[in-house]
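In: heads up, no residue letters with this:
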Ligand SMILES: [Zn+2]
């Protein structure tokens, strides 16, 4: 990574063309339009609390260093603030009379009201700025490093930084804007929060089949997000058509994968709805999140449901009864071995060599209780379980 330390840029230069957006709560531009202060991937301005913003101005007036500021060089004379946006927005807002500080008499003063020499001190303060230019992986790595002190950026926020451009801007407008009325609807299927980029992340994950970075790199300079939007909507439409009732366990499922796997199969939404209700009411279903894929796959993969297994006490008591009867009859205590013709026909298995089995399968309405429990040797149990 190429870094250039600049010590000649003043507060005045940065504040030339400073734009603050009150509505969005962020500093937008500076340095005569050459600097983007709060690129899309940055957090909003949080220093406007009458303490941290005031502290920035007081530091400048006292000649304290403001610390390092990092610019990402986007092109020949275009920069983005990678680190320092809170400080820059603070002095930008002060110089443009957005907030006041107290003078030595305790009077609130806006920039235009303070003494000329103090104005000059502020405007002529030179900043320590690193202009950095590097490959995407370098910038990503470095961004991770400088962010460890604050709230660390999550993976998608990092990717947004690395692949910043028109595509990310449009993607955020659609998927990261909590004002978007769709967010609530999507929230039934997508977990996380829109402003931490988790909806955008999911949309990208689905359309790219898990290769978010590649996809963002390829589309970085696209001026539309049609494919991303269309694909995301197709997944949500499909999910909400097949499953007409919204259940809380639907949230955060791998809908993109489910869509790809099952989109070509026809379903009767009414039948599906009844199946969902039955499984929700089934006390033996431990994993409700698995219900949806179980139904999509034709109700065969009972593993997905983590159906409750027999407890140890049930197994022990069934084993004792079965073994006593078998010994009386002189046959194996595994009822299936007892039917056979090999040496196992009379074998008495130890408890540890057997497994509990549903006489009537759970999927056919068999309960997980003593009456529906039989002990089979491990071989027979495995063979039966695979049917
Ligand atoms: Zn057996």
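Out: In hand now; what should we look at? For clarity, every value in this text was computed on a predicted model and none was experimentally measured.
In: can we go C-alpha only for contacts and neighbour counts from here?
Out: Noted.
In: for the longest strand seen in the chain, which outside residues touch it?
Out: Taking DSSP state E as the criterion, the chain has its longest strand at strand 68-75. Taking contacts as C-alpha atoms under 8 Å, 6 or more residues apart in numbering, the residues outside strand 68-75 that touch it are 79-84, 127-133.
In: again, but for stretch 169-187
Out: 40, 194-200, 223-225, 236, 251.
In: give me the distance between stretch 94-104 and the centre of its chain.
Out: Here the centre of stretch 94-104 is set off from its chain's centre by 40 Å, with C-alpha atoms, centre = their mean, to the nearest Å.
In: which bits of the protein sit near the ion?
Out: 334, 336, 337, 377, 380 (C-alpha under 5 Å from the ion).
In: among those, name the ones in helices.
Out: Among the residues of the chain next to the ion, the members found in helices (DSSP state H) are 336, 337, 380.
In: redo those residues as JSON lines? Include pLDDT.
Out: Listed next are those as JSON lines, based on pLDDT from 0 to 100:
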{"residue": "336", "pLDDT": "95"}
{"residue": "337", "pLDDT": "95"}
{"residue": "380", "pLDDT": "93"}
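In: by neighbours, which of these wins?
Out: residue 337 (21 neighbours; other C-alpha atoms under 10 Å).
In: now do the SS call for the spatially closest residue to it that is not a sequence neighbour.
Out: Using C-alpha to C-alpha, 6 or more residues apart in numbering and skipping the chain neighbours, the partner closest in space to residue 337 is residue 345 (5.2 Å). Following DSSP: H, G, I helix; E, B strand; the rest coil, residue 345 is assigned to helix.
In: surely residue 345 meets residue 330?
Out: No: contact criterion C-alpha atoms under 8 Å: residue 345 and residue 330 do not qualify, at 9.2 Å.
In: compare neighbour counts for those two and give me the winner.
Out: Counted by other C-alpha under 10 Å, residue 345 and residue 330 do not tie: residue 345 has more neighbours, with 18 against 14.
In: counting neighbours, what do you get for residue 223?
Out: 13.
In: related to what we said a few turns ago, how far off centre is the longest strand of the chain?
Out: 28 Å.
In: tally of neighbours for residue 21?
Out: Neighbour tally, residue 21, other C-alpha under 10 Å: 10.
In: meant to ask about residue 230, not that
Out: By other C-alpha under 10 Å, neighbour count at residue 230 equals 12.
In: please, which helix or strand holds it?
Out: Assigned by DSSP states H and E, residue 230 falls within helix 226-242.
In: now that helix: average pLDDT?
Out: Averaging pLDDT along helix 226-242 gives 97.
In: list the buried residues of the next helix-or-strand element following it.
Out: Counting by DSSP H and E, the element after helix 226-242 in chain order, helix or strand, is helix 255-262. For helix 255-262, burial by neighbour count (16 or more other C-alpha atoms under 10 Å) applies to 255, 256, 258, 259.
In: and which of the residues you listed is nearest the ion?
Out: The ion lies nearest to residue 258 out of the buried residues of helix 255-262, by C-alpha to the ion, at 37.9 Å.
In: and the nearest residue to that closest one once chain neighbours are set aside, what element?
Out: In this structure, residue 258 finds its nearest non-sequential neighbour in residue 293, 7.2 Å apart by C-alpha to C-alpha, 6+ apart. Residue 293 belongs to helix 291-296 when assigned by DSSP H and E.
In: who does that helix touch, helix- and strand-wise?
Out: helix 269-281 (3 or more C-alpha pairs under 8 Å, 6 or more residues apart in numbering; DSSP states H and E).
In: packing partners of the helix it packs on?
Out: Using 3+ C-alpha pairs under 8 Å, 6+ apart: helix 269-281 touches helix 226-242, helix 291-296.
In: most tightly surrounded among the ones you listed?
Out: When you average the neighbours per residue for each of the helices and strands packed on helix 269-281 (mean count of other C-alpha atoms under 10 Å), helix 291-296 leads with a mean of 21.
In: after it, which helix or strand is next? Please name it.
Out: Heading C-terminal from helix 291-296 (DSSP H and E), you reach helix 312-329.
In: distance from the chain centre to that following helix, please.
Out: 50 Å.
In: ok, stretch 11-30 next?
Out: For stretch 11-30, the distance to the chain centre is 31 Å (C-alpha atoms, centre = their mean).
In: stretch 197-205 too?
Out: For stretch 197-205, the distance to the chain centre is 7 Å (C-alpha atoms, centre = their mean).
In: try stretch 157-165
Out: The answer for stretch 157-165 is 15 Å, by C-alpha atoms, centre = their mean.
In: same check, this time on stretch 179-192
Out: 13 Å.
In: how about it: buried residues?
Out: 183, 186, 187, 188, 189, 190.
In: which ones among these map onto helices?
Out: Using DSSP H, the buried residues of stretch 179-192 in helices are 183, 186.
In: mind picking the two most distant members of the buried residues of stretch 179-192?
Out: Largest separation among the buried residues of stretch 179-192 by C-alpha to C-alpha: 183 and 189, giving 10.1 Å.
In: correct me, but residue 228 touches residue 203?
Out: Yes: Residue 228 is within contact range of residue 203, at 6.6 Å (criterion: C-alpha under 8 Å).
In: from the stretch 201-350 of the chain, which residue is nearest to the ion?
Out: Counting by C-alpha to the ion, the stretch 201-350 of the chain gets nearest the ion through residue 337, at 3.9 Å.
In: report the contact partners of that residue.
Out: 344, 345, 346, 347, 377, 380.
In: tell me which of those is nearest to residue 157?
Out: residue 380 (52.5 Å).
In: state the distance from that closest one to residue 311.
Out: According to C-alpha to C-alpha, to the nearest Å, residue 380 and residue 311 sit 20 Å apart.
In: over to residue 196?
Out: 43 Å.
In: in the protein, which ranges drop under the pLDDT threshold?
Out: 23-25, 40-44, 140, 143-152, 385-387 (pLDDT under 70).
In: next, count neighbours for residue 103.
Out: Residues near residue 103, counting by other C-alpha under 10 Å: 13.
In: list the residues that contact it.
Out: Contacts of residue 103 by C-alpha under 8 Å, 6+ apart are 109, 114.
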